[in-house]
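Peer 1: Dropping the sequence and predicted coords here.
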Amino acid sequence: MKLATKIILQCGVLATAGAIQAAVLAGEVPSTSRIGLPRLLNVPSVPAASTEEFHAPEGTSILPLLNDYEAFVVRLLLTKGHLRAGIEAYESGNDNQALAHLGQPVEVLHDNLDRWVGTPGAEPFEAALGALVAAVHAKAPIDAVTQDLAMALRTLDGAIEKLDVDIRESPTFTMLVTLAVLRAAADEYDLGVSGGRIVDIIEYQDARAFMLEARACAESASGDLMAKNSGAYGILIAEFAALEMALPPAAQFPGTRTTTADLRRAVVRVGLLYDSFK
């Protein structure tokens, strides 16, 4: 069973039988995104972390489904999501919320990234993320914090750019990691929202940031995705536009009938677009 199908099936969504059957009958993920990636990428093979280790930091069960390469890129995108949530909170004057988001990559994600990659490309993470956290701790002006944020984002993007260009820029890989990050957003929403209201603002902010990061990932590859299937890309962006309306900034959250099941249905719909980009 292909990985995109596993992501869909493990969402626990209420999808139609026809949609699930279509996912199951779809082709396999290209072999270039599976075995032997560490050699292709000049990234050493390392032991995979346990399911419990992956699950605990993010409140998501998506990472155990991925191989080292896929999980590494998803980790980077989740880290960027935390930074996105942190800076949005800081701009709103919520310093404690900002630190909760910005500190998590320093305390949790960096160790895993560094252990996985084991290359010079991992070295800047701790310094760049640490500088950003220090600036927020010091209540630095937003302009200074934004500069530190830009530096941290450059280190993350630089690590991705070290990886094999033919793989990381392939439409199928873009869709796979987009789907994984979107699934993480649904997991966080499940923790953050209950009964139409926010019950854990940090988890809700994570959900929103991860959704936006998934959209940014897809939009950054818009040329290649549109070249493969412009119609499917239009549907994909329409799904994200609807999700952005469903997950506004926390301060604008009016109470909603959007449920975790609704978001998981969106994950299914995005997953079923996967084969359109082969």
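Peer 2: Sure thing, it's come through.
Peer 1: now the helices: where do they sit in the protein?
Peer 2: 3-9, 17-25, 37-41, 51-58, 68-91, 95-104, 110-117, 124-137, 142-161, 165-168, 171-192, 201-220, 222-246, 260-271 (DSSP state H).
Peer 1: Next, format these as TSV and append distance to P254, mean pLDDT and mean neighbour count.
Peer 2: (C-beta placed from N, C-alpha, C; glycine too.) Below are those laid out as TSV (distance: least, Cβ to Cβ, whole Å; pLDDT from 0 to 100; neighbours: other Cβ atoms under 10 Å):
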stretch	distance to P254	mean pLDDT	mean neighbour count
helix 3-9	30	62	21
helix 17-25	30	33	13
helix 37-41	44	29	16
helix 51-58	27	35	15
helix 68-91	18	88	24
helix 95-104	19	88	19
helix 110-117	36	52	19
helix 124-137	28	84	19
helix 142-161	27	89	16
helix 165-168	38	84	14
helix 171-192	15	93	25
helix 201-220	13	96	23
helix 222-246	11	96	16
helix 260-271	16	93	22
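Peer 1: For A100, give me its contacts.
Peer 2: For A100, the contacting residues are G86, A89, I202, taking Cβ atoms under 8 Å, 6 or more residues apart in numbering as the criterion.
Peer 1: try it again with 7 Å
Peer 2: Contacts for A100 were tallied using Cβ atoms under 7 Å, 6 or more residues apart in numbering; they are I202.
Peer 1: And it, how far from L129?
Peer 2: As judged by Cβ to Cβ, to the nearest Å, A100 and L129 stand 14 Å apart.
Peer 1: Return every residue with contacts to both of those two.
Peer 2: Residues touching both A100 and L129 (Cβ under 7 Å, 6+ apart): none.
Peer 1: circling back: mind checking the helices of the chain for the one nearest to F253?
Peer 2: If you check each of these against F253 by Cβ to Cβ, helix 201-220 wins as the nearest, at 7.3 Å.
Peer 1: got the contact list for T178?
Peer 2: When contacts are counted by Cβ under 7 Å, 6+ apart, T178 touches A214, C217, A218.
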